[in-house]
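Student: can you look at this prediction? I've put the sequence above it.
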Amino acid sequence: MELVQINEVGDMEHFGEETIPLTLTEKKDRWATCSSCSRKTCHEVIEGMCTHARIGDYESWDKFLIIRCKGCENLSFLKEHTLIMDDCTTDKNGRIIDGYESTQSIYPDPAALTKIQFMDDVEMLPQIVASIYKETCSTKSSGKYILTGAGLRAIVEAICLEKETKGEYLEDKIDNLAVKGIISTDQAKYLHGLRFMGNRALHKILAYSESEIRNAFEIVEHMLKAVYVIPAKAENLPFSKPENV
Ligand SMILES: [Zn+2]
């Protein structure tokens, strides 16, 4: 593909960009921070392509790679970007030591994921509830507060689904949670509040402030603890298993 760039003095400068398959050497394993286990691990390159372009007095290389962590087997996307100046300096072994720059970016971003704080005992939640809760936490940590508002509503939906509450609409299902004694009527009011937040986020594309989202999370985590964690812990205490006397 022939591309055109305007240089500093205003002249058009032509340069070529080509897409080329990776060589065997370029497919070698990479050390990178894993998007899932957050450790710096060796990654296998599953597939990839490379683009090369000459721009003025330097060459640009971009490698786009699908990689798999050899520790947890998580798949990520890695982009490696390298610029090499024509007058770069090499050492006696031909390795470039000056006149180049190289950057690496991974998606999902491991740095963003390490900021995610899950509630205590998250592993005690049912899978259907835990997965939407974790996704909503991930959305919150990336600052996407419209989607986070929608996610809060989805967590309430997941609780109702898991508890098999009756009702055509979420409003009825929340009320049914209280009727079944799974939550109190006061707690049902809190869930209705989260439902309203989700509705406004989705229907009015309304983003909440960080403090509103933080408070809503506190409520939802309190609810998850009350509905799932405390009953499970109580179940495992001796006092919940009275002996026949
Ligand atoms: Zn990993």
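Tutor: Cool, the structure landed. In this text the structure is predicted, and so the values were computed from the model without any measurement. Numbering: from 1, shown residues only.
Student: what does this structure have sitting close to the ion?
Tutor: C34, S36, C37, C69, G71, C72, N74 (CB under 5 Å from the ion). The way it works is simple: take the backbone N, C-alpha and C, and place the C-beta from them, glycine included.
Student: let's see it at 8 Å
Tutor: Taking CB under 8 Å from the ion as the criterion, the chain approaches the ion at residues 34-39, 41, 69-74.
Student: quick one: least confident of those?
Tutor: Minimum pLDDT across the residues of the chain next to the ion is recorded for S38, with 75.
Student: hang on, it in a helix?
Tutor: No: with DSSP: H, G, I helix; E, B strand; the rest coil as the criterion, S38 is assigned coil and is not in a helix.
Student: name the element the residue sitting nearest the centre point of the chain belongs to?
Tutor: With distances taken as CA atoms, centre = their mean, S138 lies nearest the centre of the chain, 5.0 Å away. Counting by DSSP states H and E, the element that carries S138 is helix 127-141.
Student: ok, residues contacting that helix?
Tutor: Taking contacts as CB atoms under 8 Å, 6 or more residues apart in numbering, the residues outside helix 127-141 that touch it are 112-113, 115-119, 122-123, 125, 147-148, 151-152, 154-155, 157-159, 161-162, 213, 217, 220, 224, 228.
Student: and the residue nearest to the centre of the chain, how far is that from K144?
Tutor: Look at S138 and K144: by CB to CB, to the nearest Å, they are 9 Å apart.
Student: quick revisit: narrow the contacts of helix 127-141 to those in helices?
Tutor: Under the assignment DSSP state H, the contacts of helix 127-141 contribute 112-113, 147-148, 151-152, 154-155, 157-159, 161-162, 213, 217, 220, 224 to helices.
Student: about what we covered before: make a ChimeraX selection of whichever of the contacts of helix 127-141 turn out to be buried.
Tutor: To isolate the buried subset of those in ChimeraX, counting by 16 or more other CB atoms under 10 Å, use the following:
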select :113,119,122,125,147,148,151,152,154,155,157,158,159,213,217,220,224,228
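Student: look through every helix and strand of the protein and give the one with the lowest mean pLDDT.
Tutor: strand 2-6 (a mean of 48; mean pLDDT, DSSP states H and E).
Student: quick one: mean pLDDT over stretch 52-64.
Tutor: Stretch 52-64 comes out at a mean pLDDT of 86.
Student: what segments of this protein are strands?
Tutor: Secondary structure of the chain by DSSP state E: the strands cover 2-6, 12-21, 30-33, 40-55, 58-69, 75-90, 96-107.
Student: now do the fifth one against strand 40-55: the angle between them, please.
Tutor: It refers to strand 58-69. 150 degrees (axes from the mean of the first three to the mean of the last three CA atoms, to 10 degrees).
Student: what does the last one give?
Tutor: With the same axes, to 10 degrees applied, the angle from strand 96-107 to strand 40-55 works out at 110 degrees.
Student: could you give me the buried positions within strand 96-107?
Tutor: Y100, I106.
Student: next: the shortest one.
Tutor: Of the residues in strand 30-33, those buried under the neighbour-count criterion (16+ other CB under 10 Å) are R30, A32, T33.
Student: nearest residue to the first one in space, please, no chain neighbours.
Tutor: Meaning R30. The shortest distance from R30 to any non-neighbouring residue, by CB to CB, 6 or more residues apart in numbering, is to H43 (4.9 Å).
Student: how many neighbours does the one you found have?
Tutor: H43 has 24 neighbours, counted by other CB atoms under 10 Å.
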